[in-house]
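>>> no sequence on this one, just coordinates:
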């Protein structure tokens, strides 16, 4: 009986615990005509997109609570504004806005510092 409990109890603990998953979303907006975007993707690598329009978004889910999140967006016109935002589980965590020709807005954080980490 003791051997069975020794094997079954740890197995129940592992199977009964679900990994927490966080939904991450990057958003870019602004009055500039187009933006170049650089961001950390779900694998921790860097991704880039050129000439995106206001309203651009990129979303992913992760269980890596230590993941570093980063987004920068550069206005590609000679005037206007650009805003880069990070959302975690639907909560806006970070926002940066810049105004002017070819300016850059960037936001960053560790997922570990997110306000939405609580259960």
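Alright, I've got the coordinates. Computed from a prediction, not measured in an experiment: that's the story for all the values here. Residues are numbered from 1 along each chain as shown.
>>> okay, CA-based contacts and neighbour counts for the rest of this
OK.
>>> Quick check: closest non-adjacent residue to the residue most central in space within the chain.
The residue lying closest to the centre of the chain (Cα atoms, centre = their mean) is residue 24, at 4.0 Å. The shortest distance from residue 24 to any non-neighbouring residue, by Cα to Cα, 6 or more residues apart in numbering, is to residue 88 (4.7 Å).
>>> ok, what's across the strand from the one you found?
residue 24, residue 91 (DSSP bridges).
>>> sorry, back to before: model confidence score at the residue nearest to the centre of the chain, please.
Note on residue 24: pLDDT of 97.
>>> Okay, now the unreliable bits of this structure?
The chain contains residues with pLDDT under 70 at 1-18, 115-119.
>>> cutoff 80 now
1-19, 113-119 (pLDDT under 80).
>>> Could I get the full set of helices for it?
Here the chain has its helices, by DSSP state H, at 2-16.
>>> rewinding a little: who touches the residue nearest to residue 24 in this structure?
22, 23, 24, 25, 114, 116 (Cα atoms under 8 Å, 6 or more residues apart in numbering).
>>> Please apply the same query to residue 67.
When contacts are taken as Cα under 8 Å, 6+ apart, residue 67 is in contact with 42, 44, 110, 111, 112.
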